[in-house]
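Enquirer: Predicted model follows, preceded by the sequence.
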Amino acid sequence: MTTERTYDFIVVSNRLPVDRVVPATGEAFWQHSPGGLVTALEPVMRASAGAWIGWAGQPDLEFEPFESDGIKIVPVPLSTSDIENYYEGFSNDTLWPLYHDVIAPPKYRREWWDAYVEVNQRFSDAAAKASAHGAAVWVHDYQLQLVPQMLREARPDLVIGFFNHIPFPPYGIYSQLPWRRQIIEGLLGADVIGFQRLADAGNFARAVRRLKGYDTRGPIIEVPIEVDDPGAGSHRHVTRSRHGGLVRTVLAMQFPISIDARMYEEMASRPEIQERARQIRKDLGNPKTIMLGVDRLDYTKGIGHRLEAFGELLADGRISVDDVTLVQVASPSRERVETYRQLRDEIELTVGRINGDYSSISHTAISYLHHGYPREEMVALYLAADVMLVTALRDGMNLVAKEYVASRVDDDGVLILSEFAGASDELRQALLINPHDIEGLKDAMLRAISMPKRERSRRMRVLRKRVLTNDVARWSAAFLDALTRSAHADHPLQHPLGHESRER
Ligand code: GDG
C-alpha cells in the first residue's frame, strides 16, 4: 500500500500556477506561469514544503500530482460541464456581477449552484487528502467560498485561511443571492478571512449579523459552537460569548494585496526595456501625450467610460490627435460568457467610431490591442505612457495601477485612478476620479496632460514609496502571520467544554 504524501502548507485556488502547453509536434509539457500570487507564495511554499491545489486549465483531463519549480502541484479535474456551470456560470455570471455592484445583471440558476457545491466539495476533498495534521490551508477567491466550511467539517485540526480577491458587496446587493446564507456559512469555516478593503470586511460582517445573527466586534466574528459538533474539541479560539454560550472566533479584516514591486522596478531599469519604451513612442508618432489603459476586457473596468471621456475631449476640440493618443490594451477574457461577447462588440464599435471620426492618416486616436502581451512589453508600455487610466467601476484592488507606479523609476507619469478600485485607499496621490462623472473624468485627463513636471514627480515619489513598501511579500506575510497566530492562540485540549461534556 502506498501512503500519499501530505503537506504542512497548502494553497487552494481555482487555477494552478502552471499551464499545460501542447506543442504542434512533440510532447505536452508544464510551464510555470509566474503570476503575482505565485511570486508572493513561492518563498513560503519552499520553506514549508507546500503544495498547490487547483485546476490545470484543460477540461476532461486528469493529471497525477507533480513538481514544478520546487512546488508540489496537485491538479483537480474539471469536466466541460463543470466549466460551463461552476466556472463560467456560477462564478463568472452569478458571483462576479453580484460582487461588483451588479454592473451587469447576475443570473441565478439552480443547476449552476449545484455544480458550484459539487466542485467546491471536490477541491475540499483534495485539500483534506493532501493536508498533514494541523496544516495551514489558504483558500483563494470567490470560486471556492464553500471550501473553508467543507474542509473544517472534514478536518477540524487544520488552520484555514480564505482571501477574497474581489469586492464583497453591500448587504442590499448581496441579499439578492438565493444561496446567501450557504456562502456566509461556507466562509465562516475559515479562521481568518481576508478582504481587499476595510469596506469589504465591513460588508461581510454586516451580512453575517443580518443572516446569522452572530455578534461581531470590529474584525472579530463570534460563531456559536454546537455542543454535539463532532469537531468541537478541536476548534481553535474557543471562548465564552457575552451571552454565555461557547463561540469560535473568526478574524475577518482587510489585507490589501500588492505586487512584486522590486521586480517591476528592476525590469523598468533594464536598458532594452527603456529602449523599447522609446521605440513605442516613436512608432506612435512621438505624440506629446500618450495615455494608456491596460485591462482584461471586463465590464467592471470602465473601459467604455474612459473611451467616452476621451472621445468627448476630441469632439470638444480640447485635445487633438496630433498631440494626444490613447493606447488601450484589452486582454481577451471569458470569451464564452455572453455578457463579455457583448461588451467586446460595444467597445470595438466605440473605438471604431472614435477612430473613424478623429484619426488622420498620420495620427490614430486610439490604438486598440485585443491581445495579451509579455510582461516586458507591459513594462515598456508603462514607461512610455505619460498618463495611466484606471477607471474601474468596481475593482477589488487593481494591480495595474500599482504596476504602473512601480515601473516609473524616472519618478514621472500621472496615474488617474477610480475611487471604486481598492488601490485608491492607498494611492491617494493619484488623480482620484469617479468614472461615472464623465465631466470630472475629462477634467482629470486635461489636468494630467498639462500637469507640471514638478507636481508629477512629487506625486509619483509618494506613490512609489507606498507601493515599494507595501509589496506582495508584505501582504502574504501579514496574512500568514494572522493565520499562524490563529494556529497558536488556542489548543484543542484547552477546549472549555472539557472531554466529558463533548462525549455526551
Ligand atoms: C483580480 C481582481 C485584484 C493584463 N493584461 C495583460 C497582463 N495583465 C495583468 C496585469 C495585472 C493582472 O493581469 C490584472 O490584475 P488586476 O488586479 O488589474 O485585475 P483582475 O484580473 O480583475 O484581478 C483585482 C486582483 O484579482 C488581485 O487580487 O487586484 O481587483 O479583480 O497583473 O499586468 N499581463 C500580461 N499581458 C497582458 O496582456 N503579461
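Expert: That came through fine.
Enquirer: I figured A423 hits E403, correct?
Expert: No: in this structure, A423 is not within contact of E403 by C-beta atoms under 8 Å, at 10.4 Å. The C-beta positions use only the backbone N, C-alpha and C, and glycine is treated the same way.
Enquirer: which one of those two has more residues nearby?
Expert: Comparing A423 with E403 by neighbour count (other C-beta atoms under 10 Å), the higher total belongs to A423, at 29 against 25.
Enquirer: For the more buried one, which residues are in contact?
Expert: When contacts are counted by C-beta atoms under 8 Å, 6 or more residues apart in numbering, A423 touches V390, D395, M397, N398, L399, A401, K402, L417.
Enquirer: near the ligand, which of those residues show up?
Expert: Restricting the contacts of A423 to those near the ligand by C-beta under 6 Å from any ligand atom leaves D395, M397, N398, L399.
Enquirer: Helices - which of those land there?
Expert: Under the assignment DSSP state H, the ones next to the ligand among the contacts of A423 contribute L399 to helices.
Enquirer: Does whatever residue of the stretch 401-504 of the chain ends up closest to the ligand belong to a helix, a strand or coil?
Expert: Residue nearest to the ligand within the stretch 401-504 of the chain: E403 (5.3 Å; C-beta to the nearest ligand atom). Assigned with DSSP: H, G, I helix; E, B strand; the rest coil, E403 falls in the helix class.
Enquirer: Verify the contact between it and S258 for me.
Expert: No: E403 lies out of contact with S258 (C-beta under 8 Å); the separation is 10.0 Å.
Enquirer: if we can go back for a sec, and the residue of the stretch 401-504 of the chain closest to the ligand, what's its pLDDT?
Expert: Note on E403: pLDDT of 97.
Enquirer: List the contacts of it.
Expert: E403 makes contacts with I259, Y264, M378, V379, Y382, as judged by C-beta under 8 Å, 6+ apart.
Enquirer: Among those residues, which ones are in helices?
Expert: The members of the contacts of E403 that map onto helices under DSSP H are Y264, M378, V379, Y382.
Enquirer: Surely the second one and I280 touch.
Expert: No: applying C-beta under 8 Å as the test, M378 and I280 come out as separate, 11.3 Å apart.
Enquirer: between these two, who's got more neighbours?
Expert: The residue with more neighbours, out of M378 and I280 and counting by other C-beta under 10 Å, is M378; that gives 22 against 19.
Enquirer: Which residue, other than its chain neighbours, is closest to that one?
Expert: V294 (6.6 Å; C-beta to C-beta, 6 or more residues apart in numbering).
Enquirer: how far out from the middle of the chain is the helix or strand R152 falls within?
Expert: R152 belongs to helix 147-154 when assigned by DSSP states H and E. In terms of C-alpha atoms, centre = their mean, to the nearest Å, the centre of helix 147-154 is found 22 Å from the chain centre.
Enquirer: ok, then the element right after it?
Expert: Following helix 147-154 in sequence, per DSSP H and E, is strand 159-163.
Enquirer: Stretch 317-335 near the ligand anywhere?
Expert: Yes: using C-beta under 6 Å from any ligand atom, we find that stretch 317-335 touches the ligand at V329, S331.
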